[in-house]
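S.K.: Task: produce atomic coordinates for the following.
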Amino acid sequence: MRKILMFVVALCLITPAAVGSAAPSDYPPILLDLNEDGTAEFQISVSRGQRFSNLSVEKESYQQITYTHYVFREAGRNDAVFRLTIGTTPQQDVLFFARQEEAAAPVTTTVTIQANEAGLTHRYVQAKDQETFLGEWNTWQSEEKVAALPLRPVYAQGSRLHARIGPVHVYQPQGYTVLKQLNQLASLRIASQYDTRYQFQLPGSPQTISETWGILTHRPLVNWGIPYAADSARKIDIDTFRKLRFDGLYDVTPLTYSPSSKESYYRNPANISGLYHVQDASQPQYGSLIQVMLSHLAYRAVNQQNEQGYWPTIPRSTWLFADYQIDAEYFDNRRNADNATFLLRWNRQYPDPLLAKTLEKWEAFLFAYIDQTGLPTANQGYLIPDYVDKTFTHVSHTALNHQLAILNYLLESNLYNPDEKKLRYIHALLKGIEDTQDRWIKPNSDLYYALYRDLRPHHYPDYYSLTLEDMLLTQSLLRQNNLPISEALNKLIQSKKAWMEAQRLQAAP
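M.R.: Residues are numbered from 1 along each chain as shown. Got it, this is the predicted structure:
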């Protein structure tokens, strides 16, 4: 259950030191005794030139992570709020988020993190570009006492302590969960013979906010001796086209969204990093990074589920609005299926009644959505729309990969928790594909991406391999559920494979 505790404390007023020095805070530092041996491994200090006058603290507890939210304010001001959230896992890993809110007049808040170990080594990924996961791990070092870290996530490692330290991102909020990135500010590493400190300058102004996040732990975050572990860390913490914020994962905003810009990010409810890495979360030999990040993503997803039971995409898609009058805060069934599948698999590894209840609420919505919007086919099948507006008045086409994603979620859920109702909807969705099987195949053997409600093919090209992978997973899940595989899906699989082979031969020298 979610538990909340609030109280307010007065802050002692201490003048902060200059940038690059060990800044005293406006209140006593937060001490993190991760080993519970009476000695703090890390401490976090917060300060501002105008000095904070009061602090409110709120706790938010879940089975796999407990958050403590610190909210700092100056006397007589409702703006310029600074927020520090510390999430602690049962293994005593600490995930922190620091955020400077908008301010009527420019302000800067300084956060200093002290690791009580000297001589930490550092490494980071030099990204090859801003659109892919490509990049190489590099070491970083400096003989200077005070040195700026790269503008990338940096992993610090000592004999006892480990940390993930990131740059400060400066954003302009554009509404509808969209943020335009204006700048990145390097964090500082301050070395001494006794400890290692990291300092962040977080500015705020009338139209800008700034944020950073990191992990502090007594366990290795990444086992660098296992190539797969290092590769997974590079992918889950890419920090270019995808960024982690307190309320979830943000992806580069498509230019067909409104609001949008080339530098903007929006909250994507798909939780794709969770889905891709969930099987590694319970593998301690890889390090603690994935478990910590996915614990956070799982419980943020619980909080982002709406009253109806799904996870909306908040910005308006201009093409969905133009083609179907589907406005902002719409339902995207593929993104929801990906997120729900992540939660389903996470809950298998870390069972929690709260997560089970979240999935039950999602499935209740799912059944109602299929009943209300499904297009009946010849033999009691359904084709379900990819997108539906928040009033459930306007619906879109049916993409094969979207239909398969919902079908695969239900098959996997039924594998863990068998239910006759799930089976009825599984059969209806599969029958919808079987009833329309010939309509999906192009003359060149490729598949049409989608069918309109009148069963005309959509002009958009199908993904190269995603739909094939979805169909293969469907057949596997059918077998695991002791259900017959689909001959119609086999027909579509073979057609797609034939087209892919033709593409390969055409590209060959």
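S.K.: phi, psi of Thr112?
M.R.: phi -120, psi 130 (degrees, to the nearest 10).
S.K.: what's across from it in the sheet?
M.R.: Ser45, Gln199 (DSSP bridges).
S.K.: What is the burial count for it?
M.R.: Neighbours of Thr112 under the rule other Cβ atoms under 10 Å: 23. For every residue, glycine as well, the C-beta is placed using N, CA and C.
S.K.: now swap in Ala405 and tell me
M.R.: By other Cβ under 10 Å, 24 other residues sit near Ala405.
S.K.: swap in the one 3 residues further on?
M.R.: Other residues near Asn408 number 21, with proximity taken as other Cβ under 10 Å.
S.K.: same thing with the one 3 residues further on?
M.R.: Counted by other Cβ under 10 Å, the residues lying close to Leu411 total 23.
S.K.: So which other helices or strands are in contact with the helix or strand hosting it?
M.R.: Applying DSSP states H and E as the criterion places Leu411 in helix 400-416. Applying 3 or more Cβ pairs under 8 Å, 6 or more residues apart in numbering; DSSP states H and E, one finds that helix 400-416 contacts helix 333-349, helix 353-373, helix 420-435, helix 466-480.
S.K.: For the third one, list the C-alpha coordinates in PDB.
M.R.: I take that to be helix 420-435. What follows is helix 420-435, C-alpha atoms only, in PDB (Å, rounded to 0.1, in the frame of the first residue of the first chain):
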ATOM      1  CA  GLU A 420     -12.000 -18.300 -19.000                       C
ATOM      2  CA  LYS A 421     -12.700 -14.600 -19.700                       C
ATOM      3  CA  LYS A 422      -9.200 -14.000 -20.900                       C
ATOM      4  CA  LEU A 423      -9.500 -17.000 -23.200                       C
ATOM      5  CA  ARG A 424     -12.700 -15.600 -24.800                       C
ATOM      6  CA  TYR A 425     -11.000 -12.400 -25.700                       C
ATOM      7  CA  ILE A 426      -7.900 -14.300 -26.900                       C
ATOM      8  CA  HIS A 427     -10.000 -16.300 -29.300                       C
ATOM      9  CA  ALA A 428     -11.900 -13.200 -30.400                       C
ATOM     10  CA  LEU A 429      -8.700 -11.200 -31.200                       C
ATOM     11  CA  LEU A 430      -7.000 -14.200 -32.900                       C
ATOM     12  CA  LYS A 431     -10.200 -14.900 -34.900                       C
ATOM     13  CA  GLY A 432     -10.200 -11.200 -36.000                       C
ATOM     14  CA  ILE A 433      -6.800 -11.800 -37.700                       C
ATOM     15  CA  GLU A 434      -7.800 -15.200 -39.100                       C
ATOM     16  CA  ASP A 435     -11.000 -13.800 -40.600                       C
END
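S.K.: next one: the following helix or strand past it to chain centre, how far?
M.R.: Under the assignment DSSP H and E, the closest C-terminal helix or strand after helix 420-435 is strand 450-451. Distance of strand 450-451 from the chain centroid (Cα atoms, centre = their mean, to the nearest Å) equals 29 Å.
S.K.: The helices and strands packed on helix 400-416: which one's closest to Thr68?
M.R.: helix 353-373 (18.8 Å; Cβ to Cβ).
S.K.: following that closest one, which helix or strand shows up next?
M.R.: Proceeding N to C from helix 353-373, the next assigned helix or strand is strand 375-376, under DSSP H and E.
S.K.: Can you spell out which helices and strands pack onto that next one?
M.R.: Using 3+ Cβ pairs under 8 Å, 6+ apart as the contact criterion, the elements in contact with strand 375-376 are strand 382-383.
S.K.: What helices and strands are in contact with the strand it packs on?
M.R.: Looks like strand 382-383 contacts strand 375-376, helix 420-435 (3+ Cβ pairs under 8 Å, 6+ apart).
S.K.: Can you list the strands that the shortest one pairs with?
M.R.: According to DSSP bridges, the neighbouring strands of strand 375-376, each with its direction, are strand 382-383 (antiparallel).
S.K.: I'd like to know the average pLDDT value across the partner strand.
M.R.: Averaged over strand 382-383, pLDDT sits at 98.
S.K.: could you list every residue that touches Gln50?
M.R.: Gln50 is in contact with 74, 107, counting by Cβ atoms under 8 Å, 6 or more residues apart in numbering.
S.K.: before we move on, what about Pro29?
M.R.: 43-45, 114.
S.K.: and of these, the nearest to Ser445?
M.R.: Using Cβ to Cβ, these come closest to Ser445 at Ile44, 59.0 Å.
S.K.: Format the contacts of Pro29 as JSON lines; extra columns: distance to Phe392, neighbour count and pLDDT.
M.R.: Below are the contacts of Pro29 laid out as JSON lines (distance: Cβ to Cβ, whole Å; neighbours: other Cβ atoms under 10 Å; pLDDT from 0 to 100):
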{"residue": "Gln43", "distance to Phe392": "51", "neighbour count": "20", "pLDDT": "98"}
{"residue": "Ile44", "distance to Phe392": "46", "neighbour count": "22", "pLDDT": "98"}
{"residue": "Ser45", "distance to Phe392": "50", "neighbour count": "23", "pLDDT": "96"}
{"residue": "Gln114", "distance to Phe392": "52", "neighbour count": "23", "pLDDT": "98"}
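S.K.: can you map out the helices along this protein?
M.R.: In the chain, the segments counted as helices under DSSP state H are 227-236, 272-277, 289-304, 318-324, 333-349, 353-373, 400-416, 420-435, 466-480, 487-507.
S.K.: so which of the ones you listed gets nearest Ala118?
M.R.: helix 289-304 (23.1 Å).
S.K.: tilt between the closest one and helix 333-349?
M.R.: Orientation note: helix 289-304 sits at an angle of 120 degrees relative to helix 333-349 (axes from the mean of the first three to the mean of the last three Cα atoms, to 10 degrees).
S.K.: Which elements pack onto helix 289-304?
M.R.: Using 3+ Cβ pairs under 8 Å, 6+ apart: helix 289-304 touches strand 94-100, strand 209-217, helix 227-236, strand 248-252, helix 272-277, helix 333-349, helix 353-373.
S.K.: Just put the ones you listed in TSV and tack on distance to Leu294 and mean neighbour count.
M.R.: Formatted as TSV, these follow (distance: least, Cβ to Cβ, whole Å; neighbours: other Cβ atoms under 10 Å):
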stretch	distance to Leu294	mean neighbour count
strand 94-100	11	23
strand 209-217	12	24
helix 227-236	9	18
strand 248-252	11	20
helix 272-277	5	21
helix 333-349	7	22
helix 353-373	12	17
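S.K.: Could you point out which of these sits nearest Gln325?
M.R.: helix 353-373 (14.5 Å).
S.K.: Give me the contacts around that closest one.
M.R.: 1-2, 62-63, 298, 301-302, 305, 308-310, 331, 333, 336, 340, 343-344, 346-347, 382, 384-385, 388, 392, 395, 406, 409-410, 413, 421-422, 425, 428-429.
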